[in-house]
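Peer 1: Model the following, please.
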Amino acid sequence: MDAGLRCEIDLSGDHISAKIKARELQKIPYMAVVGAKESAAGAVALREHKKGNRGVVPVEDFVSNLRRDVAARKTL
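Peer 2: Model prediction:
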């Protein structure tokens, strides 16, 4: 899916907790964690900076909400 949004994929062998901690320290606003269950369901486990785990959401909802947030920041 090409949503026109910038993203990075971490395929390193690090544990997921280490990956999450590193991204929190980098102040990454959103993390979409995708494992086997999420992939099969067409969903992402969403994490938000300083707010933590936001639950599992469908990919389409995540992308549309992210686009809305990006558009809102452009108008500021």
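Peer 1: taking the mean pLDDT, what do you get for stretch 34-43?
Peer 2: For stretch 34-43, mean pLDDT rounds to 95.
Peer 1: which other residues reach that stretch?
Peer 2: 44-45, 56-60 (CB atoms under 8 Å, 6 or more residues apart in numbering). Any C-beta I mention is one placed from the backbone N, CA and C, and that applies to glycine too.
Peer 1: For residue 31, what are phi and psi?
Peer 2: Here is the backbone geometry of residue 31 (degrees, to the nearest 10): phi -120, psi 130.
Peer 1: List only those of the contacts of stretch 34-43 flagged as buried.
Peer 2: Burial by neighbour count, judged by 16 or more other CB atoms under 10 Å, picks out 44-45, 57, 59 from these.
Peer 1: Which ones among those lie within strands?
Peer 2: 44-45, 57 (DSSP state E).
Peer 1: in the biggest helix by length in the chain, what's buried?
Peer 2: Under DSSP state H, the helix in the chain containing the largest number of residues is helix 59-74. For helix 59-74, the neighbour count (16+ other CB under 10 Å) marks 59, 62-63, 66 as buried.
Peer 1: One more: stretch 43-56?
Peer 2: Within stretch 43-56, the residues that qualify as buried are 43-47, counting by 16+ other CB under 10 Å.
Peer 1: what's the spacing between that stretch and its chain's center?
Peer 2: 7 Å (CA atoms, centre = their mean, to the nearest Å).
Peer 1: now the end-to-end length of it.
Peer 2: 6 Å (CA to CA, to the nearest Å).
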